[in-house]
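Novice: fold the following and give me the result.
(4 chains)
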There are 4 protein chains.
Amino acid sequence: MAQEKERPKSRIATHSETAIYVRDANLVDDLIGKVSFTQMLYFQIFGRHPTEGEVKILDAVLVTLMEHGFTPSVIVARLIAMSSPEATQAAIAAGLLGVGGKFVGTTEAAAHLLRRIVEAPEGVEAAARAEAERHRKEKLLLPGFGHPFHKPDDPRPARLFEVAAEAGHSGKYIAALKQFSKEVDEVYGRHLTINATSAIAALLCEIDVPVHIMRGFSVLSRCAGLIGHLNEEHELPVARTLWENAEASVDYLGVVQVRHE
Amino acid sequence: MAQEKERPKSRIATHSETAIYVRDANLVDDLIGKVSFTQMLYFQIFGRHPTEGEVKILDAVLVTLMEHGFTPSVIVARLIAMSSPEATQAAIAAGLLGVGGKFVGTTEAAAHLLRRIVEAPEGVEAAARAEAERHRKEKLLLPGFGHPFHKPDDPRPARLFEVAAEAGHSGKYIAALKQFSKEVDEVYGRHLTINATSAIAALLCEIDVPVHIMRGFSVLSRCAGLIGHLNEEHELPVARTLWENAEASVDYLGVVQVRHE
Amino acid sequence: MAQEKERPKSRIATHSETAIYVRDANLVDDLIGKVSFTQMLYFQIFGRHPTEGEVKILDAVLVTLMEHGFTPSVIVARLIAMSSPEATQAAIAAGLLGVGGKFVGTTEAAAHLLRRIVEAPEGVEAAARAEAERHRKEKLLLPGFGHPFHKPDDPRPARLFEVAAEAGHSGKYIAALKQFSKEVDEVYGRHLTINATSAIAALLCEIDVPVHIMRGFSVLSRCAGLIGHLNEEHELPVARTLWENAEASVDYLGVVQVRHE
Amino acid sequence: MAQEKERPKSRIATHSETAIYVRDANLVDDLIGKVSFTQMLYFQIFGRHPTEGEVKILDAVLVTLMEHGFTPSVIVARLIAMSSPEATQAAIAAGLLGVGGKFVGTTEAAAHLLRRIVEAPEGVEAAARAEAERHRKEKLLLPGFGHPFHKPDDPRPARLFEVAAEAGHSGKYIAALKQFSKEVDEVYGRHLTINATSAIAALLCEIDVPVHIMRGFSVLSRCAGLIGHLNEEHELPVARTLWENAEASVDYLGVVQVRHE
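Specialist: Purely as a prediction, here's the structure:
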């Protein structure tokens, strides 16, 4: 271990005994009371203040994902809050562990797909067609398409596209998603709805959010939603019943058969 | 299990095949593109739209806690991101598990103390004095007082009180905190700074946030800050060096002594 | 930051380029293939090899807690595995966050109670009576008493006491627990079963496990059990049905009422 | 939601008011005090009692991974224990979130590779050579090869192979790993050590552990190791110093430069 190691470096924050600086702004003088949560979020991550349009996009994305009833994340957070009432942070963290690759986490896969289509030398239309055909042929999951509850269409994407247009950010990624959706319907011979996650991927691409942190925004939005559920669990507890119902619903496949009267 | 169990109930959300309702508002028609993240957060939790003043308070609180450099939460999130790059949600969740009773989590304890002072039949001044004396005598931690880095004063509380005044929410809890601080200095015979967590407790009390979910707001704010750090870790990785430095800094107290050259 | 900080110290492990030492033993020469998991666990934590009796106690404790069907931890782990299939560690971690103060975590509270009784100057009988009366009068939770499913008695404690006797570790803590149980029944005027967590507290006290890490053993045992459930979820998935059932079971209390046909 | 859903099914456990059954065995009569932790672990997961050889393999694997000093998981667990002292389960869970794809989690990738080599129609030697060449050509990570600290060889694999032979489980997977290692050295023109994770993959393959739960065993083993570190943190706290050192080691790249005296 003789060689000199490079010192860790960060552009985000520093502090003295009397001041905290975030991205060179004085937290107390320049930020608290002057910027909204969404503005601060953008500023802390990207190092510059967002435009009005960027704030509008971010707000729309974060509002969209905040709440969708008793998702796995909500059920998990409520069960952990019941089990570990000493640690609200644990209930939230457990719920957020569900923001993974299967549901909300398809945002990244959708964003990668949109980037490939937008950057394809053969043009958006040909690339979208080729991707739709490849997904069908290789029986790949279509990231950000289909929805377990919403039929024929997830209602959120159309509204998100409207907001993007109002914000001046309806560009090539949203166009690519719409084109891809058209090709998917033709290639698969039936209508598969664009769902919220691919629409969100398109909006975040429009404001240049890197793909590798898109999941962070989903996590943040769900984090907000979990607070409401934990607050409600405090007043109107349901976790115990959810547990008992789940317990009672499982059939044991062994030889021993217990009678529950 | 013969008895009929009460069905779980929730006031937060419902959905049909074509619509999502949050607190009876149509997510797509009434919320996306019309409310900010902070407005949505309040609405989802409390079931009514916030006033401008309430938004101002919430934004100030969430902006204040978002960033404070390489806190334990940030170090943890970066280490987990290095170890489990497949799961951004795990890095964030791990970091949030650090928003516990010791540091940021003192908000609840501070809020309980302020409520006791405000509601004391003997009046705020007498109650604040008595609490300060009791804390000193029983050698209790003063929740939301003192700071490891900021001396003589954490710069955030004064600004938070200003914002509360601007927002029309500088009421009895902030007054109680100031009175308590005065008594603490007298009783302890030295100046102990009000820190961000007790100031935040006072502001959240002013807008009637229940104590049991205050930690949720700290978690949410830190969640936002972690996204910025994980984004930076992607471009400017430091976790490996932090790990190696930590590893190399620990002296083994056993008999076996290994030479590292 | 001018003052010299003390270097971190640890008695647990060190390593050279060619060897790993745990508690001064050479991992490769002295431990792998020579000690069981339970022996290694004890050795790593306490720095000496366990006696046969200590291993018997630890094994009994860890076997007891490993499995109890669809507990909140199991439901949570299966839901997270469904949502985040890329990260088995996240599913396990989420489940373990449920090993908190409410259920399994009562072990510590039970251990503290048993220590107070054992160390009371007035003797075990008087102390046990006084504690039972105090718990009743102050309407305190009796830690490690009662069980939601097992009536009239949780079957595990009696067997754990037998194993402790076989292992030569049936001493004052188990005696104190039995005495306390007798007093509880008299004071409350009805039979409340000793449950697994207080029995485990007593056994762990008998082999001098510090109270502050008792929860660690519960977490470890549940960690093992979760592997079996995640393995089964892979072959015989139930998480999606648990989710859909939970979702469908919640009544929305708002004005909007959606018809699910 | 009119259609009848299939009821969830499980082969693992059931219970009556007076008994708990795991895999049809009575927990109290047949398991507690009669089987070790490792035997119970195998029984709960696989539904039959393990042979002596299978126990020997599992113990060796779990002992091997339990401890390796201040790994990211250990640092994380200690930092979270300092921040959230109310929740030991949170400290452990946070640490376990580090058992991901980058370090310990390479076990699965190694197991998949070994399976491909063993099942290749062209024979082990040709398949091992082809895989080594493909990895080099495509600049792929060699899963379970190389080690940041141990040079020229990680000392654990050789011992694990010995134990497997003693246990009567030195078969085709271990042979394939040795062959692959030989080919890697030739193809890369330098010696790359087999590390503990690929050796463990080979041993677990020898006793037919499915690849998709291998990470579970790593998580379990690390879970045990974290208990020892949290116990030590209680007596000999180092987390605060690790934090302060990390904090002080980061250079801020912004314009504002704060002087720390």
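Novice: contacts and neighbour counts: CA atoms only from here.
Specialist: Will do.
Novice: pick out the residue of the stretch 101-250 of chain A closest to chain D.
Specialist: Nearest residue of the stretch 101-250 of chain A to chain D (C-alpha to the nearest C-alpha) works out as residue A:250 at 4.7 Å.
Novice: next one: phi and psi at the residue nearest to that residue when sequence neighbours are not counted?
Specialist: Leaving aside its sequence neighbours, residue A:250 sits nearest to residue D:8 (C-alpha to C-alpha, 6 or more residues apart in numbering or on different chains; 4.7 Å). Backbone torsions for residue D:8, taken as degrees, to the nearest 10, come to phi -60, psi 150.
Novice: against residue D:10, how distant is the residue of the stretch 101-250 of chain A closest to chain D?
Specialist: Distance, residue A:250 to residue D:10, by C-alpha to C-alpha, to the nearest Å: 7 Å.
Novice: again with residue A:188
Specialist: From residue A:188 to residue D:10 the distance is 36 Å (C-alpha to C-alpha).
Novice: so the two - more neighbours on which side?
Specialist: residue D:10 (20 against 14; other C-alpha atoms under 10 Å in any protein chain shown).
Novice: is it true that the more buried one touches residue A:252?
Specialist: Yes: assessed by C-alpha atoms under 8 Å, residue D:10 is found in contact with residue A:252 at 5.1 Å.
Novice: count of neighbours near the residue nearest to residue A:250?
Specialist: Neighbours of residue D:8 (other C-alpha under 10 Å): 19.
Novice: and the stretch 151-261 of chain A, which residues reach chain C?
Specialist: A:242-243, A:245-247 (C-alpha under 8 Å from any C-alpha of the partner chain).
Novice: what residues are up against the residue in the stretch 151-261 of chain A that chain C sits nearest to?
Specialist: Of all residues in the stretch 151-261 of chain A, residue A:247 sits closest to chain C, at 5.3 Å by C-alpha to the nearest C-alpha. Taking C-alpha atoms under 8 Å, 6 or more residues apart in numbering or on different chains, we find residue A:247 in contact with C:69-71.
Novice: tell me the buried residues in the helix or strand harbouring it?
Specialist: Assessed by DSSP states H and E, residue A:247 sits inside helix A:239-249. For helix A:239-249, burial by neighbour count (16 or more other C-alpha atoms under 10 Å in any protein chain shown) applies to A:239, A:241-243, A:245-247, A:249.
Novice: okay, it in PDB with CA atoms only?
Specialist: The C-alpha coordinates for helix A:239-249 follow below in PDB (Å, rounded to 0.1, in the frame of the first residue of the first chain):
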ATOM      1  CA  ALA A 239     -51.200  -4.200   7.800                       C
ATOM      2  CA  ARG A 240     -52.300  -6.800  10.300                       C
ATOM      3  CA  THR A 241     -55.400  -7.700   8.200                       C
ATOM      4  CA  LEU A 242     -53.300  -7.900   5.000                       C
ATOM      5  CA  TRP A 243     -50.900 -10.200   6.800                       C
ATOM      6  CA  GLU A 244     -53.700 -12.400   8.300                       C
ATOM      7  CA  ASN A 245     -55.400 -12.600   4.900                       C
ATOM      8  CA  ALA A 246     -52.200 -13.600   3.100                       C
ATOM      9  CA  GLU A 247     -51.400 -16.200   5.800                       C
ATOM     10  CA  ALA A 248     -54.900 -17.700   5.600                       C
ATOM     11  CA  SER A 249     -54.800 -17.700   1.800                       C
END
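Novice: the inter-axis angle of it versus helix C:239-249?
Specialist: Helix A:239-249 and helix C:239-249 are oriented at 130 degrees to each other (axes from the mean of the first three to the mean of the last three C-alpha atoms, to 10 degrees).
Novice: outline the domain layout of chain A.
Specialist: A:11-45, A:107-212 (automatic domain parsing).
Novice: what's the closest of the contacts of residue A:247 to residue A:221?
Specialist: Closest approach between those and residue A:221, by C-alpha to C-alpha: residue C:71, at 28.1 Å.
Novice: quick one on the thing from earlier: what does whichever helix or strand comes after the helix holding residue A:247 rub up against?
Specialist: Per DSSP H and E, helix A:239-249 leads on to strand A:251-252 as the next helix or strand towards the C-terminus. Identification of contacts with strand A:251-252 by C-alpha under 8 Å, 6+ apart yields D:7-14.
Novice: average pLDDT for strand A:251-252, rounded please.
Specialist: The pLDDT scores in strand A:251-252 average 96.
Novice: what strands line up against that strand, and which way round?
Specialist: Take DSSP bridges as the rule and strand A:251-252 pairs in its sheet with strand D:9-10 (parallel).
Novice: what packs against whichever helix or strand comes after the strand it pairs with?
Specialist: Next helix or strand after strand D:9-10 toward the C-terminus (DSSP H and E): strand D:13-15. Strand D:13-15 makes packing contacts with strand D:20-22 when contacts are defined by 3 or more C-alpha pairs under 8 Å, 6 or more residues apart in numbering or on different chains; DSSP states H and E.
Novice: the strand it packs on near chain C anywhere?
Specialist: Yes: using C-alpha under 8 Å from any C-alpha, strand D:20-22 reaches chain C at D:20, D:22.
Novice: what about residue A:142, neighbour count?
Specialist: By other C-alpha under 10 Å, 19 other residues sit near residue A:142.
Novice: secondary structure class for it?
Specialist: What DSSP: H, G, I helix; E, B strand; the rest coil gives for residue A:142 is coil.
Novice: in what helix or strand does the most centrally placed residue in chain A lie?
Specialist: Centroid check for chain A by C-alpha atoms, centre = their mean gives residue A:218 as the closest residue, at 2.3 Å. Per DSSP H and E, residue A:218 falls inside helix A:214-235.
Novice: now that helix against helix A:239-249, angle please.
Specialist: Calculated by the same axes, to 10 degrees, helix A:214-235 forms an angle of 100 degrees with helix A:239-249.
Novice: is chain B contacted by helix A:214-235?
Specialist: Yes: with C-alpha under 8 Å from any C-alpha as the criterion, chain B is reached by helix A:214-235 at A:215-217, A:219-220, A:223-225, A:227-232.
Novice: can I get the residues you listed in CSV with neighbour count?
Specialist: Formatted as CSV, those follow (neighbours: other C-alpha atoms under 10 Å in any protein chain shown):
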residue, neighbour count
A:215, 23
A:216, 24
A:217, 20
A:219, 31
A:220, 27
A:223, 30
A:224, 29
A:225, 27
A:227, 27
A:228, 24
A:229, 26
A:230, 26
A:231, 20
A:232, 20
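Novice: got TSV for those residues, with distance to chain D and pLDDT too?
Specialist: As requested, these are arranged in TSV below (distance: C-alpha to the nearest C-alpha, whole Å; pLDDT from 0 to 100):
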residue	distance to chain D	pLDDT
A:215	17	95
A:216	16	96
A:217	20	97
A:219	16	97
A:220	18	98
A:223	17	98
A:224	20	98
A:225	21	98
A:227	18	98
A:228	22	98
A:229	20	98
A:230	18	98
A:231	20	97
A:232	22	98
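Novice: with distance to residue C:199 added, can I get those residues in a markdown table?
Specialist: Converted to a markdown table, the residues of helix A:214-235 next to chain B look like this (distance: C-alpha to C-alpha, whole Å):
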| residue | distance to residue C:199 |
| --- | --- |
| A:215 | 44 |
| A:216 | 43 |
| A:217 | 45 |
| A:219 | 40 |
| A:220 | 42 |
| A:223 | 38 |
| A:224 | 40 |
| A:225 | 39 |
| A:227 | 36 |
| A:228 | 38 |
| A:229 | 35 |
| A:230 | 32 |
| A:231 | 34 |
| A:232 | 35 |
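Novice: now the two most distant members of those residues.
Specialist: A:215 and A:232 (25.9 Å).
Novice: for residue A:46, what are its contacts?
Specialist: Contacts of residue A:46 (C-alpha under 8 Å, 6+ apart): residue B:228.
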